[in-house]
Each structure stands twice: as C-alpha cells, then as structure tokens.
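A.B. asks: Okay, predicted coordinates and the sequence, questions at the end:
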Amino acid sequence: MAHRKRYIGGLSDSRRWDMVRIRPDDVFVVTPPKSGTTWMQTIIALLLSGDPEVKTDVSIKMPWVDIRMREIEDVAARIEDMQHRRCMKSHTPMDGLPLDQHAQYICVFRHPLDAHFSFRNHIRNIPLKLYDMFYPEGDDDRTFKRFLDGAAEGFDMDAMPLAHIIQHYQAALAVADQPNVTLFHYADMSRDLAETFARVAGLLGVSHPDGLMADLMTAASFDHMKANAARYAPGGGTGFMKSDSAFFQSGSSGKWQGRLNAAQLDGYEHVMKSHLSEDARRWLEFGNTGEEVRPAEPKNRLR
C-alpha cells in the first residue's frame, strides 16, 4: 500500500509504522480494540513456541506499535533487535498500515455492540483519563450517544466509536482478496477454537502433534487465561490495570442484550444500514454462521 492513510488520535499515531522495517515472516494482528486482540496474540504465541507454558508478555514481545506511550525510536529498536519470528499488534485500520506482500495480516472482528460494552468495562479498569469525556461515569445514555456519533478518525477514534469499527472493517474487506490478509470473527473463535487454531497454524506454516495442540488450545481457553490473568493480560503483573482478571471480563457474546432501549437500538440500526450491506453487516455482527441470538426485550424508549 504505497500511500497509507494517516490515523492520528489522542492516544495513537499510524505514522509510527514508518520507523518499523518489516520482515517477510512478520505477523500483524490488526483489530479494533476489545475484539479478540489479546486472544489472537496468545494463540499465535502458543503456536509459534509450541509451549503451553510460554510467557506471552504481549506488551513487550508483541508490541502495540501505534500507541504513543513509548518513544517510537525505542520501540522500533527493540523490534529490530528481536531474533525470533515477530508478531506486532495494531488498532489502525488496514489502509493505514504498511502492507507487505509476504507478511501475514490477521484481522479480528467482533459484534460492535459486544466490543463497545467490553470497552466500557476496560475503560473502568485502566488509569487513563483520556476517555472520560466519551465514557462518563454513570451516564450510559451519553456514552452510547457518543459511540453512535463519534468520528471514525481524529481524536474520537481512540474511544472506539461505531464509525471507527466500521471503517476498520471496510478497510480490511478492501484487501481481503490478498493471500496474506485473513479475517477472523470472535464468535467463530468462541464456537470452534480447534478450527481457529488450525487456520492460524496454516497461515503461520507451523504444525504440532495432536496432543500438544490440545494442550495449546487448553492454554488459550477463556477460563485458563482469566485464571492466569497476570500472565496473559497486556501489562499483566505490573499493576498497570486495576485488575488483571477484570481484563478478561466475560469473554461472552450478546452482552449488550437487554441493556439498550428502543431508541438506542434504532440509532445503531440506522448507522449500520447506512454503511454496510446486509451480508457484510451479518458477518461483522455474527461471523461465519450469521446466526443472530434473539435479543432480549429493550428497555423503555427514551423520553
């Protein structure tokens, strides 16, 4: 991708990728936040190492290049010094990343409403005040309005409004025909972890005996990761988050059901219909099966 789009928010900056020299066997995990990023990174770490006890240490070993919390010169130098096969994380849409014809790009998506409610929990678990305007304490109505109204780019994008999730998805779809770009869905990963492991192993070109693969899958199960949160959460064991375990809040889908009123659901429906075809929307929300779980009755309409 010769001319990349620039995504510059309050927390992240896609220009930082200019400092990273890509290797042919690099792996990129590209997602909107709270869509299965850490889970996919863990699967990749397990498959590349072949070790169920591997210390993933994703913040250091699989760095989030876009985030401006560390000087890019230091991050780029650390990445360049890595002797093992590298995996890097990005919350920048695909049209803002350097697209190398040999590297692997693994994009993961989740129902936008599940991602939103998971992000709400995440915001309460980290000591950053950057998002307070978007996620005011105790004001769910304003929070959801800003989720619907927020811009896809600029300062808003790091607060993960719906427009940014859609832009992420559309940018991935635009290059999904490339042999080294693959889309995964959180619902499919949850439903069939064995199939997910098989697909990722194929992309990475690695294989392990059946018994070892079973052990690797056990290590990547939600219950195991939550029970060992200090080992698997980004920055786990460092005290960055209020609770490492809370990072793995539920791992479920459909957590938004029964939590939105009719007017909020109407607003979400309008945005989704305005930007996505029926088939594209169905996959973004429910993955390969396209099966919708019947939603709970909405709360009373806003006055």
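C.D. replies: On my side now, so go ahead.
A.B. asks: When you work out contacts or count neighbours from here on, use the C-alpha atoms and nothing else.
C.D. replies: Noted.
A.B. asks: and Trp64, what does it touch?
C.D. replies: Met88, Lys89, Ser90, His91 (Cα atoms under 8 Å, 6 or more residues apart in numbering).
A.B. asks: typo on my end, Val65
C.D. replies: Val65 neighbours (Cα under 8 Å, 6+ apart): Arg16, Trp17, Ile72, Val75, Met88, Lys89, Ser90.
A.B. asks: and what of Leu284?
C.D. replies: Contacts of Leu284 (Cα under 8 Å, 6+ apart): Phe109, Arg110, His111, Pro112, Tyr169, His185.
A.B. asks: Apply 7 Å and report the result again.
C.D. replies: By Cα atoms under 7 Å, 6 or more residues apart in numbering, the contact set of Leu284 is Phe109, Arg110, His111.
A.B. asks: Tell me what the first one is bridged to.
C.D. replies: When bridges are assigned using DSSP bridges, the partners listed for Phe109 are His185.
A.B. asks: That one is in contact with Pro33, isn't it?
C.D. replies: No. Using Cα atoms under 7 Å, Phe109 is not in contact with Pro33; the gap is 9.1 Å.
A.B. asks: Have a look at the two and say which one is more surrounded.
C.D. replies: Using other Cα atoms under 10 Å as the criterion, Phe109 and Pro33 rank with Phe109 on top: 28 against 23.
A.B. asks: burial measure for Asp66, as a count.
C.D. replies: With other Cα under 10 Å as criterion, Asp66 counts 24.
A.B. asks: Would you agree it is in contact with Ser90?
C.D. replies: Yes. Using Cα under 7 Å, Asp66 makes contact with Ser90 at a distance of 6.2 Å.
A.B. asks: Show the model's pLDDT score for Glu137.
C.D. replies: We have a pLDDT of 73 for Glu137.
A.B. asks: backbone phi and psi for it, please?
C.D. replies: phi -60, psi 120 (degrees, to the nearest 10).
A.B. asks: For it, give me its contacts.
C.D. replies: So Glu137 contacts nothing (Cα under 7 Å, 6+ apart).
A.B. asks: ditto for Ala103
C.D. replies: With Cα under 7 Å, 6+ apart, Ala103 has these contacts: Pro24, Asp25, Asp26, Val27, Asn180.
A.B. asks: Just the buried ones from these, in ChimeraX syntax?
C.D. replies: In ChimeraX syntax, the buried subset of the contacts of Ala103 is picked out as below (16 or more other Cα atoms under 10 Å):
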select :26,27,180
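A.B. asks: wait, which of the contacts of Ala103 is closest to Thr42?
C.D. replies: Nearest to Thr42, judged by Cα to Cα, of the contacts of Ala103 is Val27 at 12.7 Å.
A.B. asks: ok, for Leu203, nearest residue in space, not its chain neighbours?
C.D. replies: The spatially closest residue to Leu203, leaving aside those adjacent along the chain, is Gln104, at 7.4 Å (Cα to Cα, 6 or more residues apart in numbering).
A.B. asks: quick one: that neighbour and Leu183 touch, right?
C.D. replies: No. Using Cα under 7 Å, Gln104 makes no contact with Leu183, being 11.2 Å away.
A.B. asks: Pick out whichever of those two has more residues nearby.
C.D. replies: Using other Cα under 10 Å as the criterion, Gln104 and Leu183 rank with Gln104 on top: 21 against 16.
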